[in-house]
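# need a 3D model of the following:
(2 chains)
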Amino acid sequence: MARVIGGIATSHVPSIGKAIARRLENDPLWKPFFDGYKPVHAWLDEVQPDLAVVVYNDHGLNFFLDKMPTFAVGAAAEYKNADEGWGLPVVAPYSGDPRFSWHLIESLVADEFDITTCQEMLVDHAFTVPMSLLWPKPGRHPIPTVPIAINTVQFPLPSPARCYKLGKAIGRAIESYKQDIRVLVVATGGLSHQLDGDRAGYINKKFDLLCLQKMVNDPEALARYSVHELVRDAGAQGVELLMWFVMRGAMTGQVTEKHHSYHVPISNTAAAVMVLENKTAGSDKWLDQSLMARL
Amino acid sequence: MILKKSNTEDIPGTIIFNGTRAIKGYALNKMCFSFNSAENRDAYRHNEDAYCDKFELTGEQRQALKHRNVRELLEAGGNIYYLAKWAGIFGMNVQQIGAQQRGMTEEEFKEMLFRAGSD
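Numbering: from 1, shown residues only, chains lettered A, B, ... in the order given. From the prediction side, this is the model:
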């Protein structure tokens, strides 16, 4: 059976993608931010995921207001990136895993999450920037991915509690998959920021630091926030924390924080990355065996 | 389900892109969505009025576009994610968009962001 080996949540600010394209990782302004990902790379090397479920929000590349699904799950063999209009270079397509996707879809709908299925799905910067941050080596993307898009454009948005429950259902789906694969759940977006209105440029460090702590130890208390309260405290686009709730909900066992970093500002955003390891009964032995099997 | 009052009250300085705004801004946002295509961006640059005609924009929306004014575009039903694609045509980034809305220079806006991190 498959296992959830852990989760990573990371910001997805477009300017990070531009900095990567210009190779500014060691630029004095950018270095402290990019250094925050070194422990993430070390952890990924150690746990060797086989597949990543990537929970993100589309910013008007794949979805428009004509049809706006609350939750959409990718079911494609390949996911292409495309021109978003403001100059981010287009990256190579990502491979999918349709067999896993359809298992996930069947399981989620059986679990009363009536998601939208997508056999074609363009993935925008909210998907590509985190992938480049997690696996920075140029060339082929290392592992297959299954994107899940959450609507954060058109209100009403799903509540934090609903997103947390979706995460739980994703965790159950993964751990009922027959194949012995090691699955990572990635959430993208946040932390506090606001692009529009008189409060543009709003950042709430105090709230962000509280979230970073509660997301590990007391996610259910945090999930009692309403969307409205999230917008109030994290900013209009800080509502992207919804993706973090999905990731946290998908952790099926005992959770240990392996790393987090927090950096203000990246563009208009308080940027953060967090790595959670997930341990279930017998998972240590299973992990060792599955790593040995590869040698 | 009855919505809690605390969830419908205004948040100062913040736009909730709800159904009312989505209806009002549909044509404008549809036009901005089309700017994912380089060909469409060129067509807009080439003849702004003709391009707006294709999407049947309102007078208010056309004026806001002419003024290159993000705050007016938001008032006219624009959604920031789609407007960002329009702003990209003029090389405007999100910090310049933020500064314009707050009536600050870009430098002042950036300083404000840095201060938020050091508090």
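# helices along chain A, start to end?
Along chain A, counting by DSSP state H, helices occupy A:14-21, A:31-35, A:38-47, A:98-110, A:125-134, A:160-175, A:205-217, A:219-222, A:227-234, A:241-249, A:283-292.
# can you check chain B too?
B:19-24, B:26-34, B:38-46, B:48-54, B:59-66, B:70-75, B:80-89, B:94-102, B:106-118.
# so which of the helices of chain A is nearest chain B?
Chain B lies closest to helix A:227-234 among these, at 4.1 Å (Cβ to the nearest Cβ). No exception for glycine: its C-beta is placed from N, CA and C like everyone else's.
# show the average pLDDT along that closest one.
Averaged across helix A:227-234, the pLDDT comes to 97.
# which stretches of chain B have low pLDDT?
B:1-9, B:119 (pLDDT under 70).
# circling back: how about the helices of chain B, which one is nearest residue A:104?
Minimum separation from residue A:104 across those (Cβ to Cβ) falls at helix B:80-89, 26.5 Å.
# do the closest one and chain A meet?
Yes - applying Cβ under 8 Å from any Cβ of the partner chain, one finds helix B:80-89 in contact with chain A at B:80-89.
# would you turn these into CSV with neighbour count?
As requested, these are exported to CSV (neighbours: other Cβ atoms under 10 Å in any protein chain shown):
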residue, neighbour count
B:80, 25
B:81, 24
B:82, 26
B:83, 26
B:84, 25
B:85, 25
B:86, 25
B:87, 23
B:88, 20
B:89, 17
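# need the pLDDT of the residue in the stretch 1-150 of chain A positioned nearest to chain B.
At 2.9 Å from chain B, residue A:86 is the closest residue in the stretch 1-150 of chain A, using Cβ to the nearest Cβ. On pLDDT, residue A:86 comes in at 90.
# what sits against it?
By Cβ atoms under 8 Å, 6 or more residues apart in numbering or on different chains, the residues touching residue A:86 are A:14, B:84-85, B:87-88, B:93.
# and of these, the nearest to residue B:68?
Distance to residue B:68, by Cβ to Cβ, is smallest for residue B:87 among the contacts of residue A:86, at 8.5 Å.
# please tell me how far the closest residue to that closest one other than its chain neighbours sits from residue A:145.
Using Cβ to Cβ, 6 or more residues apart in numbering or on different chains and skipping residues adjacent in sequence, the residue nearest residue B:87 is residue B:97, 5.7 Å away. From residue B:97 across to residue A:145, the span is 31 Å (Cβ to Cβ, to the nearest Å).
# equivalent analysis for residue A:127, please.
8 Å.
# okay, and the common contacts of those two?
The overlap between the contact sets of residue A:127 and residue A:145 (Cβ under 8 Å, 6+ apart) consists of A:54, A:79, A:94.
# near chain B, which residues of the stretch 51-200 of chain A?
For the stretch 51-200 of chain A, the residues in contact with chain B (Cβ under 8 Å from any Cβ) are A:59-61, A:64-66, A:82-87, A:153-156, A:194-200.
# switch the cut-off to 10 Å
Residues of the stretch 51-200 of chain A lying close to chain B by Cβ under 10 Å from any Cβ of the partner chain are A:57-66, A:68, A:82-88, A:122, A:124, A:152-157, A:159, A:192-200.
# weed out the non-buried ones from those residues.
A:57-65, A:83-86, A:88, A:122, A:124, A:152-155, A:157, A:159, A:192-197, A:199-200 (16 or more other Cβ atoms under 10 Å in any protein chain shown).
# how many neighbours does residue A:42 have?
Residue A:42 has 12 neighbouring residues, counting by other Cβ atoms under 10 Å in any protein chain shown.
# got it, and residue B:111?
Count around residue B:111 with other Cβ under 10 Å applied: 12.
# who's in contact with it?
Residues in contact with residue B:111 (Cβ atoms under 10 Å, 6 or more residues apart in numbering or on different chains) are B:104-105.
# please tell me how far it sits from chain A.
Per Cβ to the nearest Cβ, to the nearest Å, residue B:111 is found 10 Å from chain A.
# returning to that earlier point: specify which member of the shared contacts of residue A:127 and residue A:145 is nearest to residue B:75.
Nearest to residue B:75 among the shared contacts of residue A:127 and residue A:145: residue A:54, at 34.9 Å, using Cβ to Cβ.
# these two touch, right, the closest one and residue A:183?
No - with contact defined as Cβ atoms under 10 Å, residue A:54 does not count as touching residue A:183 (11.2 Å).
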